[in-house]
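# Give me the fold of what follows.
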Amino acid sequence: MMTATMRDLYLSDRMTMHQWREFLESQGIQEFPANEVEPLEETIGLFDEDDQLVATGSLAGPILKYIAVRHDDAGHGALFNRIVGELVSRLAQRGITHYFVFTKPRYIDSFEHVGFTCLARVERGGLLEGGMPGIDTYLETVRALGSWPASAAIVMNANPFTLGHRRLVEIAAQENEHVYVFVVHEDRSLFTTDERLQLVRAGVADLKNVTVVDGSDYLIGFAAFPAYFLPSSKDVIDYQTKLDATLFRDWFVPALGITRRYVGQEPYSPTTEAYNQALKAVLEPPTQVTVVERKRAGQEPISASRVRKLIAQGDMEGLEGLVPSTTRFFIQDHLAQLQMRI
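Predicted coordinates for the structure are as follows:
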């Protein structure tokens, strides 16, 4: 077996970036969009005796990305193990003990062999997690919030919580014994995760059969799923939406007894409409997907993006009829801070 040397790769160096891309392209990875490459925090490579790159991997937060090994080497399995082991070790040094990888279906077994658990698999890719705590632990904490024979579910970003969101929750609460509202966990929105959770909880506090839950690492917004290993950008939405829906079906539905999923109608967003269709295709049956017509204010549907524009303009009067008082008061008290984030 050849001796391979581990090195850090600094992609800000043009020659290093060229070598890295050329190697990945030789292994079938052709996509290097800025939204995939710029978040990379560390990249490592293994080099053979001839100083040729034979394996590489990168980290973007808790996500392992751009992992590739030259497959004409007899010891490619050992190279793969070294790359993944080093990346996991570096995460541990940062205090990160729970991590994810998105990969082509044919590599899922390789990751499972080094301790990863497959969370969802679709035609074009798979999502796996490693380390602790895992999804079983997360779902146990959700179950500990209460016990119901059956529940409905809503997943929302709520950036921020509007009267449109409120109407969706009200309808679900009227039609079901219990409703989980999962708030997407990501801090790339105008409102932080903690702020959005606070606003949703305040906005539905009077609905006693509603439980608001942080989506944690499992509900992060399907558009955030890496897709660099797909051969064509036209496949991305299909892969991301089906993977997200499959994760929900295989883990959340059985663990929490979810029989209905509620979504808002999306007349102006083809991407979100595609997601709603993916939910119906993946979840039904036995979980019914109910599409609720968007609440309107004037001639336009209420949307969080409409609210964010008014925040940017400092138009507090314009928020009337778009957000509940709890959201309006929060915006009023934090307007300057919110505008600085825009």
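
# biggest helix in the protein by residues?
The single longest helix within the chain, with elements called by DSSP state H, is helix 76-93.

# name the helices or strands packed onto it?
Helix 76-93 sits against strand 42-47, strand 53-60, strand 63-69, helix 108-113, strand 125-131, with contacts defined as 3 or more C-beta pairs under 8 Å, 6 or more residues apart in numbering; DSSP states H and E. Heads up, the C-betas are built off the backbone N, CA and C, glycines and all.

# Any chance of CSV for these, columns mean pLDDT?
Below are the helices and strands packed on helix 76-93 laid out as CSV (pLDDT from 0 to 100):
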stretch, mean pLDDT
strand 42-47, 97
strand 53-60, 96
strand 63-69, 95
helix 108-113, 95
strand 125-131, 95
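
# so which of those gets nearest residue 338?
strand 53-60 (26.6 Å; C-beta to C-beta).

# The closest one: how far from the chain's middle?
Distance, stretch centre to chain centre, for strand 53-60: 22 Å (C-alpha atoms, centre = their mean, to the nearest Å).

# where does residue 73 land on pLDDT?
Here, the pLDDT recorded for residue 73 equals 60.

# wait, I meant residue 107
So, for residue 107, pLDDT stands at 91.

# Show the contacting residues for it.
Contact analysis of residue 107 by C-beta atoms under 8 Å, 6 or more residues apart in numbering lists 67, 126.

# hmm, 10 Å instead?
67-69, 80, 101, 125-126, 128, 229 (C-beta atoms under 10 Å, 6 or more residues apart in numbering).

# Which of those sits closest to residue 310?
residue 125 (38.1 Å).

# Quick one: neighbours of that closest one, just the number.
Neighbour count of residue 125, defined by other C-beta atoms under 10 Å: 24.

# Check which helix or strand the closest residue to it other than its chain neighbours maps to.
Once flanking residues are discounted, residue 125 sits nearest to residue 239: 5.4 Å by C-beta to C-beta, 6 or more residues apart in numbering. Assigned by DSSP states H and E, residue 239 falls within helix 236-247.

# re the thing from before, turn the contacts of residue 107 into TSV, including distance to residue 49.
What follows is these, written out as TSV (distance: C-beta to C-beta, whole Å):
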residue	distance to residue 49
67	22
68	20
69	17
80	19
101	29
125	34
126	34
128	32
229	29
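
# Can you show me the helices along the protein?
Using DSSP H, helices in the chain cover 14-26, 34-37, 76-93, 108-113, 135-143, 163-175, 193-203, 236-247, 253-256, 270-283, 304-313, 325-333, 335-341.
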